[in-house]
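just a sequence and a predicted model for now, questions to come.
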Amino acid sequence: MPLLAEVDVLRMMFGGSLVGVTTSCILTAATVLCQFVIFYKLVAISQAQSQSITFLDKFWESKRLDEIFRQAEALKYSPLAAMFRAGYIELSKVKRGQQGSETGAMHEKMDGMANIERALARAKVSEMTKLENLLPFLATVGSAAPFVGLFGTVWGIMVAFTDIAAQGKADLATVSGPIGEALISTAVSLAAAIPGLVAYNYFNRRVKVLGSEMTTFGSDYLNILKRHFF
């Protein structure tokens, strides 16, 4: 503890060479941004999951699509509710077109069903894009930060050996400061990379679960429409 108390981390990070300070600034910014993204995605995905559970309960309990639509409008963060709204709006367009048609031929009904399927597919892609937003940033930090830290460490060790050559001696007092400044880059890079990589894997798994739920819901929704409207 006394040794740790004497370590000035900020001086070691920002008191060295220009390359070392730049590396420390990049890694510090990546660490702060990574923590912000983790908090933001945790809230966003948790809202999406909780509201989707609420929507499914309302969907299977209700007997009228217009009633479900009104309830879905209040669940702005649910990808399942967004898919339902897209399908319902397209269904309304199809039914208005069929009412205006005199024949109501089979091919018109099939075209209407295909339009609804495409609307659901577009909604799913849009919602998956929202859910996956910023996840590549976490993956990039998790994979690239250790290499940035390694660069800072190698550069710091190179500076330390240069100082040794200039002073003509290699005692502990000569090498401890530069080596400590070099290794701090590794520590900061790990502080950014480890949470980023863990969070990416965690969020990626939850997004895949929501994607599977959207696929299942889309199939169930289409079956209901085929049975009652087509």
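Yep, it's here.

distance between the host helix or strand of D111 and the chain's centre?
Using DSSP states H and E, D111 maps to helix 106-132. Relative to the mean C-alpha coordinate of its chain, helix 106-132 is positioned 24 Å out (C-alpha atoms, centre = their mean, to the nearest Å).

give me the buried positions along that helix.
Within helix 106-132, the residues that count as buried by 16 or more other C-beta atoms under 10 Å are 109, 112-113, 115-117, 119-120, 123-124, 127-128, 131. No exception for glycine: its C-beta is placed from N, CA and C like everyone else's.

what does stretch 78-96 give?
In stretch 78-96, counting by 16+ other C-beta under 10 Å, buried: 78-88, 90-91, 94.

any chance of these in TSV, plus secondary structure, pLDDT and distance to L65?
Listed next are these as TSV, based on DSSP: H, G, I helix; E, B strand; the rest coil; pLDDT from 0 to 100; distance: C-beta to C-beta, whole Å:
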residue	secondary structure	pLDDT	distance to L65
S78	coil	96	16
P79	helix	96	18
L80	helix	96	14
A81	helix	96	13
A82	helix	96	15
M83	helix	96	13
F84	helix	96	9
R85	helix	95	11
A86	helix	95	13
G87	helix	94	9
Y88	helix	94	6
E90	helix	92	12
L91	helix	91	8
V94	helix	83	13
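
that older thread, can I get the buried residues of helix 106-132 in CSV including distance to A44 and pLDDT?
Converted to CSV, the buried residues of helix 106-132 look like this (distance: C-beta to C-beta, whole Å; pLDDT from 0 to 100):
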residue, distance to A44, pLDDT
K109, 39, 55
G112, 34, 79
M113, 33, 84
N115, 30, 89
I116, 28, 91
E117, 27, 93
A119, 24, 93
L120, 22, 95
A123, 17, 96
K124, 17, 96
E127, 12, 96
M128, 13, 96
L131, 8, 96
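
relative to L135, which of the buried residues of stretch 78-96 is nearest.
Each of those was scored against L135 by C-beta to C-beta, and P79 proved nearest at 15.0 Å.

correct me if wrong: that closest one contacts L131.
Yes - P79 is in contact with L131 according to C-beta atoms under 8 Å; the separation is 6.8 Å.

I'd guessed Q35 sits against P195; true?
Yes - Q35 is within contact range of P195, at 7.0 Å (criterion: C-beta under 8 Å).

nearest residue to the middle of the chain?
Most central in the chain under C-alpha atoms, centre = their mean is L135, positioned 3.0 Å from the mean C-alpha point.

could you report the pLDDT at it?
pLDDT recorded at L135 is 96.

likewise L10?
L10 is assigned 62 on the pLDDT scale.

ok, the residue nearest to the centre of the chain to T215 distance?
Counting by C-beta to C-beta, to the nearest Å, the gap from L135 to T215 is 19 Å.

and the helices in the protein?
Using DSSP state H, the helices of the chain run over 2-5, 9-14, 18-61, 65-73, 79-100, 106-132, 135-167, 172-229.

by mean pLDDT, which helix or strand of this protein comes out lowest?
The weakest-scoring helix or strand in the chain, judged by mean pLDDT, DSSP states H and E, is helix 2-5 (a mean of 45).

tell me which of the helices of the chain is the most buried.
The highest mean neighbour count among those, using mean count of other C-beta atoms under 10 Å, belongs to helix 79-100: a mean of 19.

centre of the chain to it, how far?
On C-alpha atoms, centre = their mean, the centre of helix 79-100 falls 30 Å from that of its chain.

repeat that for stretch 198-212.
Distance of stretch 198-212 from the chain centroid (C-alpha atoms, centre = their mean) equals 8 Å.

quick one: contacts of it?
Residues outside stretch 198-212 that contact it (C-beta atoms under 8 Å, 6 or more residues apart in numbering): 34, 37-38, 41-42, 45, 48-49, 52, 79, 124, 128, 131-132, 135, 138-139, 142.
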